[in-house]
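Enquirer: need coordinates for the following:
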Amino acid sequence: MKPISADSRLTLSRNLAALMKQREMDQHAVARAAGVSQKTVSNILRMEGSPRICSVEAVAGAFGLKGWQLLASPEVVDGLDELLAAWGSVSSEGREMIVKVAEREVAYSRQRS
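Expert: Next up, the predicted model:
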């Protein structure tokens, strides 16, 4: 299995540190809530090694999140939350339109770069 990239480990570390600060949790509290060792939490924060996906999922779950949310930048998570909310509230035709708009935006962005 391919290890998590250095950029992803940095994002994971920053997101976890921000959540811990926001919730006023230390490493031991996160480890207990996640059912992982304190060393696992410490390794994530220090970007030591490559955490297992199950560990990332468990740590994310301690904050009521999914693993991918800890691995994504805050801007991506916010945007996806809005998109998913819209997706769930529209008809199948509306979903087709969302996909078409997204495809056109990707094509437009590629032309500009």
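
Enquirer: domain parsing for this protein?
Expert: Following automatic domain parsing, one finds the domains of the chain at 6-71, 74-112.

Enquirer: show me what the worst-scoring helix or strand of the chain on mean pLDDT packs onto, helices and strands only.
Expert: Least confident element among the helices and strands of the chain, by mean pLDDT, DSSP states H and E: helix 74-88 (a mean of 76). Helix 74-88 sits against helix 92-112, with contacts defined as 3 or more C-beta pairs under 8 Å, 6 or more residues apart in numbering; DSSP states H and E. C-beta: built from backbone N, CA, C; applies to glycine.

Enquirer: listing request: residues of the protein with sub-threshold pLDDT.
Expert: Within the chain, the stretches with pLDDT under 70 are 1, 77.

Enquirer: against residue 56, how distant is the spatially most central residue of it?
Expert: Nearest residue to the geometric centre of the chain (C-alpha atoms, centre = their mean): residue 69, 1.9 Å. From residue 69 across to residue 56, the span is 10 Å (C-beta to C-beta, to the nearest Å).

Enquirer: quick one, which of the domains of the chain is packed in tightest?
Expert: domain 6-71 (a mean of 16; mean count of other C-beta atoms under 10 Å).

Enquirer: gap between that domain and the chain center?
Expert: Centroid separation for domain 6-71 versus its chain: 11 Å, with C-alpha atoms, centre = their mean, to the nearest Å.

Enquirer: end-to-end on that domain?
Expert: Terminal residues of domain 6-71 lie 11 Å apart, using C-alpha to C-alpha, to the nearest Å.

Enquirer: quick thing: my sequence starts at 4, can you match it?
Expert: With 4 as the first residue, the last one maps to domain 9-74.

Enquirer: for residue 79, give me its contacts.
Expert: Contact partners of residue 79, counting by C-beta atoms under 8 Å, 6 or more residues apart in numbering, are absent.

Enquirer: check the gap between the residue sitting furthest away from the middle of the chain and residue 13 for me.
Expert: Centroid-distance maximum for the chain: residue 96 at 28.8 Å, with C-alpha atoms, centre = their mean. Applying C-beta to C-beta, the value for residue 96 to residue 13 is 41 Å.
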